[in-house]
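Asker: Below: sequence and its predicted model.
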Amino acid sequence: MKRFMTVILMGTIVLASLAVGPSVAAGKTTITFWHAMGAQLGKTLEALVEEFNRQSPDVYVKAEYQGNYGALSQKIVGSLVARKPPTMAQVYGNWAAEYISGNELVPIQKFVKGPNGLSQLEIDDIWDGLREGCVFDGVWYTMPFNKSVYVMVYNQTALQEAGIDGPPKNWQELVNAARALTVRDGDKIVRYGFALRPNIDIFACFFFNAGGVWLDSQGKVAVNSPAGVTALQFMTDLLSKYKVAYYVPGYIDADFGAGKVAMYLTTSPGLSYTEKSVAGKFEWSAAPLPYMDTKFRSTPVAGTDLAIFSRASAAEQEAAWKFIKWLVEPRQTARWAMGTSYIPVRKSAMHLEIMRKWFAEHPRDLQSLQQLRYIKYDPNMAAWNNIRGDVSEAVEKVFLGKATPKEALDAAAAKANARLK
Amino acid sequence: MSKRMLRTMLVLAAAFVLLAACACYGAEPAPRFNCYFGNLHSHTSYSDGVLTPSDAFQHARDVALLDFLAVTDHGYYFQEATNLHHWFMSLEEADAFYEPGRFVSMIGFEWTFTDGHMNGLDTPLAASRDTQRNVAEFIDFLAQHDGIGTFNHPNYDIQPNWNDFEYFGGGDRVVYLLEVGSGPYRHNIRNERAYQRALDRGWHVGAISCQDNHSAHWGTAAPTRTGALARELTREAIYESLRSMRTYATEDSNVRAFFELGECQMGSEVVISRDDLNSGRVLRFSIVIDDPDESDMIALVQVVTNGGVVAWESEVDGANFFEAEVDIVPASSYNWYYVRAVQADADVIVTSPIWVSTESQVAVCDFGCVDLVPQVGKAARVRAEIVNRNDDAIPGATAILYEVREGEPVRCSSLEVDLPGGRGTAVSFEWTPKEAGETSFIMELVISGREGAPDIYPGGSTRVRPSDIKNVIIDEGHNNRCSGYMDAFVRLLGEAEYNPSINEGSIDSKLLEDADMLVINVPEMGFSLTPTSYDDNELDAIAAFVLDGGSLLLAGGSDFPGFRDCGQLNTVLERIGSAIRFGRDEIRQEDSSVVDVEWGTARAVYADEACSLAGPGWSAIDGMEEVVVLARAMGSLSVDVSGDGMHFPYTQSPVFAVAQTIGSGRLVCLGAPVYSSYDLDRERCGNAAFTLAVISWLAGGEWKEQ
């Protein structure tokens, strides 16, 4: 059986590659695009690439899936060492910072301001927060692409049963709702009101909403600021003091679908997993992140941007720009958003008829967009990847009761700032 | 062959073992299996590792010199259309490297899920978290393909471990192995506690040690190995060894380990009759630990049984070969035993267990008194989980609780319980201790329709306290500082012959009726599910309690405008007529809010965000009548955080702790609750000793200057 299936499949691959071959039109500039979009995301991307290739008279994009982000990063680094990078790739801000320090990227600014560039109106049409996240030392280097924000998912049926009008807007309402939604059977808790994950991303959802900023005015990592301590204290209080939450390192959608938890935080594309897990067992929806104070309302933005590598020839760079420009046009970014639950990077995309219709049918996706005015992003620095680990470690330590929030964050800040030296 | 079939066969084999015990047990242990060394958990770039399975196999075979390697990339990678071929390429690459007698290459997959990650081996397809979306679906997948499941890196710090290894029969049929050693990916860890927990809760799982390689060091990341006892080095024989759980986890790369009960190897379940169990039948196990490296000495060999108890041990002096026959009398109707050997270089070897159980196939775990401080004459709770490892339900069983004092079992209570098949059932007994002292428990389980002796299960022990020990109420009903972080304080008090309890509601005279001591940490504002202040009635009840001879411990905190101030504690002090006042300041040592509090020559107390204590009108407390200064923050300063001028005239060493006798009541004020779980868990700090000294004085004792 094992061998039989192997033979069949290998045959399929040969046929597939034969099918791809002839569509590379002669005379077109071929560019390679490395990405990490698998499953449904990959399908949506492939469809867009295919459409671009069909309609472009002079550019052919070879989109190559490299595995997850870890694999993509490894492969880009390997290709840079071998001096054979792709023409363009998806990159996180901190990866880009590292590549920029080695002069490996061409600033997108060069093309934006070029003859086939973007008008000021078009530039302003890109969500400010997303665009600002692509600027390194005042130079616009990358184009926002697959961006998501965090939202709070909640079990609407459970909320109604508990007599709660709507999803909690602030932290006090979150504590109250989580307590009301926590169900006990004797000494056992059979449903928690809320669930956390011990990592920097979930911490950021509280940190920003307590008024925290990653870097202070001197450019030092300020994760141990009063806002940081307050945020982490609040998170651990949800676990230990209010006893309304639990934490797991893995994904929470399955527990949510199984009714083990009534509210949790996830990214906008994570909602498709929520949908699968709930599978119609109850009503659910998404809401903006609860804040400590209205003035601190915010959401971390996650996801990658598109970068063009400087080793590509001038013609390839120009071809890559044509593809990128096309990809973030309102119609394409709308299709991308609808197929993936990422956010459309252009404001005007929201007003397209297809998007209006989509939001009418998918009100949950609209929740992410309500937060676009409040997005905050990670610092664009090469050391940030390791600093992320330092902060996640601090959160984990506190959840395990091995350190107080202040102790853990002081240690994380010391470690992080040593990395900046 | 499924585990259930294997067990059935062993029931028959075991009958022979026990009947022919003399002949069998006296025999020289002659290894009939070879030891092969390998790694059952590794990754390549087909998921989030590097290079290809071919590279992994080559490295494992030629560099690490492993006998077998399983490449187990994450299943969800294979689910993607663009990647599906990697699964089949893996199988082909494994086939290319498979060389019977020299190297066994295997392909499995890792199924990552919130409850814990699991590997599947010997299946034609890979499961994924995207398609098998919960443990039950994954188990169904393994059962459908007759695969081998493993519990991966079962570390309580990184995953919930399948609801703490809650037993379910369907899972037990297909999960064969547990990573007693795992890493070095992220954590290089020993998971023996999780292994014992799984065995206690009824799982049949053997011990393996895996490397979870994500870099190009398959087998060379560490000398840790899974040892497999097999007759030959073929895929079939290795898979058979894994399914039979004839495996051990070793941190030494080539030590050989054998653990047998008669003809039965590690991984076997041996059935003992209830009559033999009740008559104290002796079982003779044989152990061989043999390291081919002459310099690798064995230091300690143990047999570990239920609850992690060491049933037997032997220290070894200067030998790389150890052999012993060990006599053990099983204590329970469900026993597991494994060998744990430690080498002089601290490498640990853990074998798969041998289970010895009655045909009832019922395990009992978590059996004991759940009350921290059981007291004479007061109803306490004794609980147990009864795990029916059979497919079929056992209706109408009778569980009888005995308490055992000085070796004498006395029947206490009984209950009827239906035990559904393939799962655990929680039971709770009524128990009111009659005498103080060490008490343990035994449960008898009588299954209706079965003749002969009942099944027996020993439980944990507890110390029954007299009825007149001091009751300490810790208030958490007013958003008090450190609410939710008082567990260690509660444990400390419980172990020191006090009866602590947490109050989550309001305070009134009824609550305080039986209390001897009340602990109030300063209430804080901010997010709260409770009131953040004491109302007049509560303040009156607290004052009356002290004036009536009750003891009061008040702990404050540094001034934190809008979040915390000690005004409420000062109101309490006013009501009870004390002139002591909590300051609106912060004690700081070299700009840090963490200060050393000294109380004589004993180890200093760690305090954070503390305030100082003084007399009325911000006067110095020294010299106040009937007030004794217990501790000071030496070398620290009182700092006026909010700039309201309300801080103390100390230039150095602010007062941190004072005691006062008020009528027949006693009062202690501390600048901070130095007994939170964080504080008491800090090593090298005197917080626990100081806390107990304070509590002891409040309980009527003398203050002992340290």
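Answerer: Right, received. Where do you want to start?
Asker: can we go C-alpha only for contacts and neighbour counts from here?
Answerer: Will do.
Asker: Give me the buried stretch members for stretch A:50-60, please.
Answerer: A:50, A:52-53, A:56, A:59-60 (16 or more other C-alpha atoms under 10 Å in any protein chain shown).
Asker: Could you see whether chain B lies near it?
Answerer: No: using C-alpha under 8 Å from any C-alpha of the partner chain, we find that stretch A:50-60 stays clear of chain B, coming within 15.2 Å at best.
Asker: what about residue B:463, which SS state?
Answerer: Three-state assignment for residue B:463 (DSSP: H, G, I helix; E, B strand; the rest coil): strand.
Asker: now do residue A:219
Answerer: Counting by three-state DSSP, the backbone at residue A:219 sits in coil.
Asker: Next one: it from chain B, what distance?
Answerer: As judged by C-alpha to the nearest C-alpha, to the nearest Å, residue A:219 and chain B stand 22 Å apart.
Asker: Tell me how many other residues surround that residue.
Answerer: Per other C-alpha atoms under 10 Å in any protein chain shown, the neighbour tally for residue A:219 reads 11.
Asker: Local confidence estimate at it?
Answerer: You'll see residue A:219 listed with a pLDDT of 93.
Asker: try residue B:222
Answerer: pLDDT recorded at residue B:222 is 92.
Asker: cool, and the one 3 residues further on?
Answerer: What the model reports for residue B:225 is a pLDDT of 97.
Asker: What are the buried residues along the helix or strand where residue A:332 lies?
Answerer: Residue A:332 is part of helix A:330-340, with elements assigned from DSSP states H and E. Using 16+ other C-alpha under 10 Å as the burial criterion, the residues of helix A:330-340 that qualify are A:330-340.
Asker: still on that earlier bit, can you redo the buried residues of stretch A:50-60 as TSV with secondary structure and pLDDT?
Answerer: Output for the buried residues of stretch A:50-60, formatted as TSV (DSSP: H, G, I helix; E, B strand; the rest coil; pLDDT from 0 to 100):
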residue	secondary structure	pLDDT
A:50	helix	96
A:52	helix	97
A:53	helix	96
A:56	coil	95
A:59	strand	97
A:60	strand	97
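Asker: Verify the stated contact: residue A:87 with residue A:316.
Answerer: Yes: the pair residue A:87 / residue A:316 is scored as a contact, 6.8 Å apart, by C-alpha atoms under 8 Å.
Asker: quick one: which of the two has more around it?
Answerer: Taking neighbours as other C-alpha under 10 Å, residue A:87 and residue A:316 compare with residue A:87 leading, 24 against 21.
Asker: For residue B:53, see how far away the more buried one is.
Answerer: 28 Å (C-alpha to C-alpha, to the nearest Å).
Asker: now swap in residue B:669 and tell me
Answerer: 66 Å.
Asker: who's more crowded, those two?
Answerer: More crowded of residue B:669 and residue B:53, by other C-alpha under 10 Å: residue B:53, with 31 against 28.
Asker: quick one, phi/psi of that one?
Answerer: phi -60, psi -40 (degrees, to the nearest 10).
Asker: ok, it - contacts?
Answerer: Contacts for residue B:53 (C-alpha atoms under 8 Å, 6 or more residues apart in numbering or on different chains) come out as B:43-44, B:46, B:71, B:90, B:93-94.
Asker: and the buried residues of helix A:330-340 as a markdown table, adding distance to residue A:230?
Answerer: What follows is the buried residues of helix A:330-340, written out as a markdown table (distance: C-alpha to C-alpha, whole Å):
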| residue | distance to residue A:230 |
| --- | --- |
| A:330 | 40 |
| A:331 | 42 |
| A:332 | 41 |
| A:333 | 37 |
| A:334 | 38 |
| A:335 | 40 |
| A:336 | 37 |
| A:337 | 34 |
| A:338 | 37 |
| A:339 | 38 |
| A:340 | 34 |
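Asker: these two touch, right, residue B:361 and residue B:390?
Answerer: Yes: under the criterion of C-alpha under 8 Å, residue B:361 makes contact with residue B:390 at 6.3 Å.
Asker: between those two, what contacts are shared?
Answerer: With C-alpha under 8 Å, 6+ apart, residue B:361 and residue B:390 have no common neighbours.
Asker: Residue of chain B closest to chain A, please.
Answerer: residue B:484 (3.9 Å; C-alpha to the nearest C-alpha).
Asker: SS state for that residue?
Answerer: Looking at residue B:484 with three-state DSSP, the answer is coil.
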